[in-house]
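K.L.:
Prediction below, plus the sequence it came from.
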Amino acid sequence: MRVCRVMALLLAALLLTTPARAVVVLRAPKTDWAEKQAKAEKDIRERKVGCYGMVPIYGRDIADGTYPVKVESTSVFFKIVEAELSVHGDEMTADITIGSRSYLYVYMGTAAQAENASEGDWIPGDGGERFTVFTIPVPALNAPFECAAYSKNRQLWYDRQLLIDASALPEDALAFALPDYALVEKAVTDFEPDGEAASEAVEAEAAGPTAPEPVALPRPDGEYSIEVNLAGGSGRANVSSPTLLNVREGKAWARLLWSSPYYDHMVVGDTIYENLTTDGGNSTFEIPITAMDAPMAVIADTTAMGDPLEIEYTLTFYSESLGDKSQIPQEAAKKVFYISLAIIVVGAGLNHFVKKKRK
């Protein structure tokens with residue numbers, strides 16, 4: 001029984017809790033809004049929404065009902081993780097969900113218009129600890145529209161554009177078939193003087209940035225461990241080392257475990273990699289290793305301070321440290337757990353046997 005109690009205490013000590021934080025939110029003073037807005041916009045990573053040739057689709061073109069839809073956003077900081085479109089006659093609304101509590105309000109217009117609008121025109125958010133839902137009017141599908149967002153911590157309005165993609169609607173919901181936008185792009189560029197080159201450029205733009213190429217590693221495909229050093233930021237965050245290294249088709253990929261659950265994406269080159277952890281634990285990412293034995297530049301986005309914030313880091317992977325995956329702390333912890341479990345089971349069995357024999 002003493003062994004059982006010791007092992008139970010050991011396992012309980014592994015559990016960590018995160019204290020709740022209270023945040024008081026105030027409206028940004030109008031006097032310095034323009035200056036603060038200009039400074040803050042330098043931190044924003046924006047992208048284009050929509051596709052060439054898209055034609056707006058209005059409520060009158062859609063059968064009444066509720067439909068799950070995909071929503072694109074110009075900002076990776078205002079990523080829509082889930083959305084539901086409601087259609088009633090000519091009117092459309094959408095419940096859009098973002099995966100954070102970083103924004104208090106949205107406004108159907110620009111950031112400057114939101115700042116000068118009445119607070120009664122702001123749309124408040126609702127949700128849980130790690131997500132927020134906004135119910136917004138939708139002017140049209142397949143057409144970008146302004147949707148400014150108010151940052152909780154920075155107390156600023158940010159310009160955002162959203163686009164609701166109609167391609168997710170069921171066929172019987174639309175009054176007509178949607179065009180093949182890829183075919184439209186090709187048809188337009190083929191009639192230009194340098195059609196082939198223009199077509200390739202359009203296809204490359206539509207495909208987005210090229211994913212970074214992982215370094216080749218002369219090892220059989222499989223899982224290994226490798227030492228990694230993180231530098232940059234405030235110095236308070238770290239990644240577990242050694243970390244898991246996956247060799248796939250002769251190329252090296254790293255699975256990084258951060259010391260915080262608040263990292264929601266990483267950027268390598270121009271490619272965004274999403275957090276793989278879904279149970280609220282510390283953030284995990286699988287990224288390509290683009291350099292060995294030399295600093296590799298990455299960006300990690302954290303919501304630890306409320307607002308999403310992209311931080312520049314460097315990762316250095318040391319090829320001489322390449323070894324068996326059993327050297328990874330998580331793998332070692334698994335072994336300790338299974339050994340502890342075995343001890344508890346055996347101890348319980350022996351205790352039962354001794355008590356039975358005494359009787």
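P.N.:
Received, thanks.
K.L.:
got the buried residues for stretch 51-64?
P.N.:
By neighbour count on 16 or more other C-beta atoms under 10 Å, the buried set for stretch 51-64 is 51, 54, 57-59, 61-62. All C-beta atoms are positioned from the backbone trio N, CA, C, and that covers glycine.
K.L.:
do the same with stretch 217-235
P.N.:
217, 224-228, 230, 232.
K.L.:
Pull the residues that contact that stretch.
P.N.:
Residues outside stretch 217-235 that contact it (C-beta atoms under 8 Å, 6 or more residues apart in numbering) are 237-239, 241-252, 254, 256, 295, 300, 311-319, 321-328, 331.
K.L.:
hmm, try it at 7 Å
P.N.:
238-239, 241-252, 254, 311-318, 321-325, 327-328 (C-beta atoms under 7 Å, 6 or more residues apart in numbering).
K.L.:
ok, back up a step: which of the buried residues of stretch 217-235 fall within strands?
P.N.:
With strands taken from DSSP state E, the overlap with those comprises 224-228, 230, 232.
K.L.:
Closest one to T110 out of those, please.
P.N.:
G232 (33.7 Å; C-beta to C-beta).
K.L.:
and that closest one, bridged to which residues?
P.N.:
Judged by DSSP bridges, the bridge partners of G232 are Y313.
K.L.:
State the pLDDT value of it.
P.N.:
At G232, the model reports a pLDDT of 88.
K.L.:
now do V3
P.N.:
46.
K.L.:
Same check on the one 3 residues further on?
P.N.:
V6 carries a pLDDT score of 47 in this model.
K.L.:
Same question for the one 3 residues further on.
P.N.:
The model reports L9 with a pLDDT of 49.
K.L.:
now swap in N351 and tell me
P.N.:
N351 is given a pLDDT of 62.
K.L.:
Likewise for R60?
P.N.:
For R60, the predicted pLDDT is 91.
K.L.:
Need phi/psi at it.
P.N.:
Phi and psi for R60, reported as degrees, to the nearest 10, are phi -70, psi -20.
K.L.:
Could you report the distance from it to M305?
P.N.:
45 Å (C-beta to C-beta, to the nearest Å).
K.L.:
for the stretch 51-200 of the chain, what are the low-confidence residue spans?
P.N.:
Residues of the stretch 51-200 of the chain meeting the criterion pLDDT under 70: 181-182, 184-186, 188-200.
K.L.:
Show me where it has its strands.
P.N.:
Ranges of strands within the stretch 51-200 of the chain are 65-68, 70-73, 80-88, 91-98, 103-107, 123-124, 132-137, 145-146, 148-151, 157-158, 161-165, based on DSSP state E, counting those that start in this stretch.
K.L.:
Can you give the domain ranges for the chain?
P.N.:
Per the record, the chain has its domains at 34-177, 222-327, by automatic domain parsing.
K.L.:
Now distance to A211 too, for those, in JSON lines please.
P.N.:
Formatted as JSON lines, the domains of the chain follow (distance: least, C-beta to C-beta, whole Å):
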{"stretch": "domain 34-177", "distance to A211": "15"}
{"stretch": "domain 222-327", "distance to A211": "5"}
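K.L.:
Quick one: end-to-end distance for stretch 157-173.
P.N.:
Stretch 157-173 has an end-to-end distance of 35 Å (C-alpha to C-alpha, to the nearest Å).
K.L.:
T271 and A304: what is the separation?
P.N.:
For T271, the distance to A304 - C-beta to C-beta - is 23 Å.
K.L.:
no no, A63
P.N.:
Distance from A63 to A304, by C-beta to C-beta: 44 Å.
K.L.:
What residues are bridge-paired with the residue nearest to G323 when sequence neighbours are not counted?
P.N.:
Excluding the flanking residues, the one nearest G323 by C-beta to C-beta, 6 or more residues apart in numbering is S225, at 5.0 Å. Under DSSP bridges, the beta-bridge partners of S225 are L244, G323.
K.L.:
now, which of the contacts of stretch 217-235 lie within strands?
P.N.:
Short answer: these in strands (DSSP E) are 243-248, 251-252, 254, 311-318, 321-324.
K.L.:
So G281 sits against S259, correct?
P.N.:
No - if you go by C-beta atoms under 7 Å, G281 and S259 don't touch, sitting 11.3 Å apart.
K.L.:
Who has more neighbours out of those two?
P.N.:
S259 (13 against 10; other C-beta atoms under 10 Å).
K.L.:
Any idea how many residues pack against V239?
P.N.:
21.
K.L.:
ugh, wrong one, M296
P.N.:
20.
K.L.:
Name the nearest residue to it, sequence neighbours excluded.
P.N.:
L315 (4.9 Å).
K.L.:
Could you check the pLDDT of that neighbour?
P.N.:
For L315, the predicted pLDDT is 94.
K.L.:
Measure how buried it is and give me the count.
P.N.:
L315 has 24 nearby residues by other C-beta under 10 Å.
K.L.:
tell me the contacts of it?
P.N.:
Counting by C-beta under 7 Å, 6+ apart, L315 has contacts 228, 230, 296, 298.
K.L.:
what do you get if the cut-off is 10 Å, keeping everything else the same?
P.N.:
Contacts for L315 (C-beta atoms under 10 Å, 6 or more residues apart in numbering) come out as 228-232, 239, 243, 254, 256, 266, 268, 287, 289-291, 295-298, 300.
K.L.:
Can you give me the separation between it and D264?
P.N.:
For L315 relative to D264 (C-beta to C-beta), the value is 18 Å.
K.L.:
Same question for V106.
P.N.:
19 Å.
K.L.:
The two: which is more packed in?
P.N.:
Neighbour comparison, V106 and D264: the larger count goes to V106, with 26 against 22 (by other C-beta under 10 Å).
K.L.:
Sweet, I'm off.
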